[in-house]
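> Next input, structure requested:
(chains A and B)
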Amino acid sequence: MANAANNKHLGKDFLPPDVIAKVTGEAKYAEDFRADGMVFARLLSSPYPHARVRSIDLSEAEKVPGYVGVLLPEDVNNPAPPESPLLTMEPGYIGSAILLLAAESETAAQDAIDKVRIDYEPLPFHLDPLVSLRPDGPDAHTGGNVGGAGVELQTIKWTNEDFANAPAGAMPMGKAAQEWTYGDLDAGFAQAKLIIDTPFVHASNSHHSMEPRTAMAYWQNGKCILHVSSQSQSFILPAVAGMIGIPPSDLVIIAEFCGGGFGSKGAAYTLQALPALLSKKLNRPVMMRISRAEEYYHGAARMGFQGQVKLGFAEDGRLLAADLYIIQENGAYASFPDFRNAADGLSLMYQPAAMRWRGLPVFANSPWRTAQRGPGYNQIMHIMEPLLDQAARELNIDRLQIRLKNSPERKGVFGSRRTAVTSCYVREALERGAQIFNWEEKLRLHGQRNGSKITSVAVGQAFHPAGFTGFDGLVRILPTGKVHIHTGVGNLGTFSHSSTSRIAAEVLKVDWDDCVIERGDSRRHLPWNIGQFGSNTNFTMARTNFVAATDAVNKLKAIAARRLGGNAEQYDVDGKRVFRRGSPGTGLTYAQAAQLAIQYGGSFDGHELPEDINAMTKESAAALAGTGLIGVAKDTLPVDGAPSAFAVGFVQIELDLETGKHTIVDYVGVADCGTVIHPAGLETQIKSGAVQGFSVAALERIVYDPQIGLPASIGYYQAKPATYGDVAHRFHTSAVDSPDPSSPLGTKGIGEPLLGCAASALLCAISEAVGGHVFNRTPIVPDMILNHLHGRPQAHGPLQVNCQ
Amino acid sequence: MAESIDAQAEARRLSRREFIKRVIASGAVASSASFVMGGMAGCAPRTRAALAGAAERLISIDVNGELRRVDVLPQETLAMTLRYKLGLTGTKLSCDRAECGACTVMIDGVTHYSCSTLTHMVRNRKVVTIEGLRGADGALHPVQQAFVDELAPQCGFCTPGQVVAAVALLQRNPNPTREEARQAMAGNLCRCGAYDSYLNAIMRATGNTGEIHHG
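Here you go, the predicted model:
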């Protein structure tokens, strides 16, 4: 798969150092740690979707044998609304945390929780943003019904006319909170041969992380030791310290393993701070276990969309104009800008000549929403790709060709600012995928019947930004000759903590066996790094490891020149030694150079540090000073555009027209992730991203009782993430493997769009199997298919949410 | 004192190795005293009160070939005993409701969800957890090695359960087809979606390389 010929590590498979522990059970997640004197804490969760807590009476709870203490809303510093409170006197959804109670055993803690008497004043609530936008609609919390995601907290109510003016089934479109336009929209629609104008719904869906966000904390010598479930390591530390109310230097975060996050554990979240605060109050270690149901309350969900999109296509299939309106369901608190991301995604993937976007994020009395794999960028593909097929059908164009017709150039631009990407090879990905899938041949199978089953083939595509700049790298060569690569990236299961560390090994030309990865515990002196989210790790961390390793190489050469004569430019490295070019016998081993670095001091061994590195990196490097040769630097490399990842998927399914159930027969996934860094890891991601895509497209459910706000999907069997039975029978994977010019060794991320392209392909395949009917809704579930086939009305209203 | 005399008498009957094992086991009982867990969160208070009044029992269970003595509450699940009293944290809790298989162990060679098995039910039965699969020399079990070779785990949280389920499958059917393996593994959820990689690993462990799918 990889173009690896000239590289020592890049594009080659390796044994990630954490994989053995995963198959032996030795991998320790937050709930696997114990501390002497540890007590157990349970959350008291709101039974109301929206209420005010008038009073809390602990008198009976305190009498329960084993009761130790409690953390109340008054004990915490909540952020300003609409950010998620740590503990609240105004619960915003069923499951909101009101207090945390500790006892000698978990059973005693729950007994005491049951004895807490709370006087609630129930408040109006809603689970549908459109309800809140009505002139007299309820607000999910006091202070406003719109906000978060970069939008100021405010109240927006649409007029009765706004609602009355919407045609039957179409979305009313009153005042938006944000909007942008480029190009001449009216001219684009006027020139269009075909106009599609349709409402849509994208359901919210839970993250279903298999490790519940259990946390355990204790204090030692004034420092808080915190075991958490986190996708990210260094990135969350300042924010968690802020929630606890201590300087970052007084917080130790241990997150060596993370049992899935998919965006919900990327940034700091409130449950990470609660046991630390209670532990401080009680002076006892606190274990706060989170149950599966609680994980569905506190584990977040993807933003749901209600919207309307109008598309104008030329006769040749070119998208001339796009007009997009999105209402984003925020949950009860501030969330992520999916509704803005979606607009960028549409504008990049289809390059419309003119486009307008309007949108607003609306609060609802449902659990916290946050980024989920491909936030906004994937939802819009799930909505758009079936519409592209509809356009292809009506214009009599091949479905692959209409995508090629609209796909971005190598430096495609997007959004209102017309930002260029660093690189785009989506056309090559489409062509590669079509070849592997044998698109032309498979089209002949399309529509064939086998009893009650019909074969359908389809293609889907997706995009996501894939990198940041400005973070730090830190490597250390010890007098043993070993290279320690310090990485503050988390462990989401992609092995990218190691694959990106191999960039440093590549630059230093060292054998992998001579490398030690330092990660997973802030006491291992880690640099300031981006979190592991947003498909960015490869690009961002390739750059940090590149600059740190380059700094180390420069220091090796400088030390050699100082010791052996000449100047640094006359020296080179081979992975074991730094030697004089033309005189290979004149040189030092890395071990000798590291020893000399300690002798020379200054910047060589970390006693002098660059001014521009982050305070966290400075502290880590200072702690390591004098232990070896320190390579440390901030990534200030140039970047030409917005790093971007693309992926395409081709799928063949059989849809049973009697049951509405589908079987995935064949799937081909192709990634545009720059130069492939880790072929085996990429293959795994392409396949498993597709599994999550199939899950979002046609399986998962998120359901609330609209009368009482009670959630009906707080267990796996209710929420239905994909199982062994739902995966493709045959996966094929490939990569374009063309370098990104803004990445020092060509690599860029890929995680998110691998879900979106597969989900889009499956949504298209199901739609095409039933005669091209576009459901305008994700997920498409069997009862929707059967209702359509039998001419029955759907169980849901056109814009209804949280109902399936 | 009576217990002490009994223990000395028993020690005379035991090998030195066996005696040390039991001392370690009873140490585990002592150190786990503060970790008494009911796993009862969510049960009605009356149910918990009734069960809390029942007699606690010191029992012996065979875990990974060792007899472990442990103080077990009447309502205690095997997953909680393993994790909180015997220190075997490789068995994971994800749903605690017999839905996901992260807590899969073998009892007399048959897979069970330990989150939904009462510890009192496994007296006189042989429990094998993920920690019991390595060879005496520390070598990985062939299934574990195949999981490594195929880079099958992702986040790793479901992996111990997947490995135990795969070992149990191959014990009763050493040469399953890929489809048989898929059916047999269907009780184990992986939210990362690594199913195809896990199936590849099982095919590798059986030597059925023709059914390993790459590319």
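
> tell me the SS of the residue nearest to A:Gly260 when sequence neighbours are not counted?
The spatially closest residue to A:Gly260, leaving aside those adjacent along the chain, is A:Ser209, at 3.9 Å (Cβ to Cβ, 6 or more residues apart in numbering or on different chains). Every residue, glycine included, has its C-beta placed from N, CA and C. Each residue gets one of three states, and A:Ser209 gets coil by DSSP: H, G, I helix; E, B strand; the rest coil.

> how far away is A:Ser209 from A:Met216?
Separation of A:Ser209 from A:Met216 (Cβ to Cβ, to the nearest Å): 17 Å.

> same question for stretch A:271-290, mean pLDDT?
Averaged across stretch A:271-290, pLDDT comes to 98.

> how long is that stretch from one end to the other?
The straight-line separation of the ends of stretch A:271-290 (Cα to Cα, to the nearest Å) is 9 Å.

> Mind listing what's buried along it?
Buried residues in stretch A:271-290, counted by 16 or more other Cβ atoms under 10 Å in any protein chain shown: A:271-282, A:284-290.

> Helices - which of those residues land there?
Among the buried residues of stretch A:271-290, the members falling in helices (DSSP state H) are A:274-282.

> will you turn those into JSON lines that also has distance to A:Ser535?
Below are these laid out as JSON lines (distance: Cβ to Cβ, whole Å):
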{"residue": "A:Leu274", "distance to A:Ser535": "30"}
{"residue": "A:Pro275", "distance to A:Ser535": "31"}
{"residue": "A:Ala276", "distance to A:Ser535": "30"}
{"residue": "A:Leu277", "distance to A:Ser535": "33"}
{"residue": "A:Leu278", "distance to A:Ser535": "36"}
{"residue": "A:Ser279", "distance to A:Ser535": "35"}
{"residue": "A:Lys280", "distance to A:Ser535": "37"}
{"residue": "A:Lys281", "distance to A:Ser535": "40"}
{"residue": "A:Leu282", "distance to A:Ser535": "41"}
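
> what's around the nearest residue to A:Ile156 once chain neighbours are set aside, how many residues?
Spatial nearest neighbour of A:Ile156, chain neighbours left out: A:Val146 (4.6 Å); criterion: Cβ to Cβ, 6+ apart. By other Cβ atoms under 10 Å in any protein chain shown, the residues close to A:Val146 number 28.

> A:Val146 and A:Ala364 touch, don't they?
No - at 11.2 Å, A:Val146 and A:Ala364 do not qualify as touching, with contact defined as Cβ atoms under 8 Å.

> ok, longest helix in chain A?
If you go by DSSP H, chain A has its longest helix at helix A:537-564.

> what comes up buried for it?
Buried residues in helix A:537-564, counted by 16+ other Cβ under 10 Å: A:537-553, A:555-561, A:564.

> Please list which of the residues you listed are also close to chain B.
When Cβ under 8 Å from any Cβ of the partner chain is applied, no member of the buried residues of helix A:537-564 is adjacent to chain B.

> Got phi/psi on the residue lying closest to A:Asp740 once chain neighbours are set aside?
The shortest distance from A:Asp740 to any non-neighbouring residue, by Cβ to Cβ, 6+ apart, is to A:Gly674 (3.8 Å). Phi and psi for A:Gly674, reported as degrees, to the nearest 10, are phi 70, psi -150.

> Count the residues that sit near A:Glu768.
Per other Cβ under 10 Å, the neighbour tally for A:Glu768 reads 24.

> Chain B: which of the ones in helices among the buried residues of stretch A:271-290 is nearest?
Nearest to chain B among those: A:Leu282, at 13.7 Å, using Cβ to the nearest Cβ.

> what are the ranges of the helices in chain B?
Going by DSSP H, chain B shows helices at B:2-13, B:16-31, B:45-52, B:78-80, B:142-149, B:159-172, B:178-184, B:195-206.

> Among the ones you listed, show the one with the smallest mean pLDDT.
helix B:16-31 (a mean of 37).

> and the residue of chain B nearest chain A?
For chain B, Cβ to the nearest Cβ, closest residue to chain A: B:Gly90, 1.9 Å.

> how far away is that residue from A:Glu428?
In terms of Cβ to Cβ, B:Gly90 sits 44 Å off from A:Glu428.

> ok, the two, which is more surrounded?
Ranked by neighbour count (other Cβ under 10 Å), B:Gly90 and A:Glu428 place B:Gly90 first, with 27 against 19.

> A:Val116 is in contact with A:Ser55, correct?
No - judged on Cβ under 8 Å, A:Ser55 makes no contact with A:Val116 at a distance of 10.8 Å.

> Relative to B:Gln171, how far out is the residue nearest to A:Asp740?
Relative to B:Gln171, and taking Cβ to Cβ, A:Gly674 is found at 44 Å.

> So which of those two has more stuff around it?
Neighbour tally, A:Gly674 and B:Gln171, criterion other Cβ under 10 Å: the higher count belongs to A:Gly674, 32 against 14.

> is the more buried one in a bridge, and if so with what?
With DSSP bridges applied, A:Gly674 shows beta-bridge pairing to A:Thr747.

> Now A:Asp521: phi and psi?
Dihedral pair for A:Asp521: phi -150, psi 120, per degrees, to the nearest 10.

> Now do the same contact list for it.
Shown in contact with A:Asp521 (Cβ atoms under 8 Å, 6 or more residues apart in numbering or on different chains): A:252-256.

> try 10 Å this time
Going by Cβ atoms under 10 Å, 6 or more residues apart in numbering or on different chains, A:Asp521 touches A:225, A:227, A:233, A:252-256.

> Check the residues you listed one by one and keep those near chain B.
By Cβ under 10 Å from any Cβ of the partner chain, no member of the contacts of A:Asp521 lies near chain B.

> Among those, which pair sits farthest apart?
Distance extremes for the contacts of A:Asp521: the farthest pair is A:Ile225 and A:Gln233 at 14.7 Å, using Cβ to Cβ.

> Distance of the residue nearest to A:Ile156 relative to A:Asp250?
Separation of A:Val146 from A:Asp250 (Cβ to Cβ): 37 Å.

> Next: B:Arg178.
From B:Arg178 across to A:Asp250, the span is 52 Å (Cβ to Cβ).

> Of these two, which one has the most company?
More crowded of B:Arg178 and A:Asp250, by other Cβ under 10 Å: B:Arg178, with 19 against 14.

> Skip the chain neighbours and tell me the closest residue to the more buried one.
Leaving out its chain neighbours, the residue that sits closest to B:Arg178 by Cβ to Cβ, 6+ apart is B:Glu211, at 4.3 Å.

> what about the one helix or strand A:Val23 maps to, near chain B?
Per DSSP states H and E: A:Val23 is located in helix A:19-24. Yes - Helix A:19-24 lies within reach of chain B by Cβ under 10 Å from any Cβ, at A:19-24.

> Looking at these, spot the one nearest A:Ala301.
Among the residues of helix A:19-24 next to chain B, and counting by Cβ to Cβ, the member closest to A:Ala301 is A:Lys22, at 26.6 Å.

> Let me know how buried B:Cys192 is, in neighbour terms.
Using other Cβ under 10 Å, B:Cys192 has 28 other residues around it.

> And for B:Gly210, the neighbour number?
Residues near B:Gly210, counting by other Cβ under 10 Å, number 8.

> what's the answer for A:Thr469, then?
Counted by other Cβ under 10 Å, the residues lying close to A:Thr469 total 18.

> show me the contacts for it.
Going by Cβ under 10 Å, 6+ apart, A:Thr469 touches A:530, A:536, A:539-540, A:543-544, A:634-639, A:643, A:742.

> Just the buried ones out of the residues you listed, please.
Burial by neighbour count, 16+ other Cβ under 10 Å: within these this picks out A:530, A:536, A:539-540, A:543-544, A:634-635, A:637, A:639, A:643, A:742.
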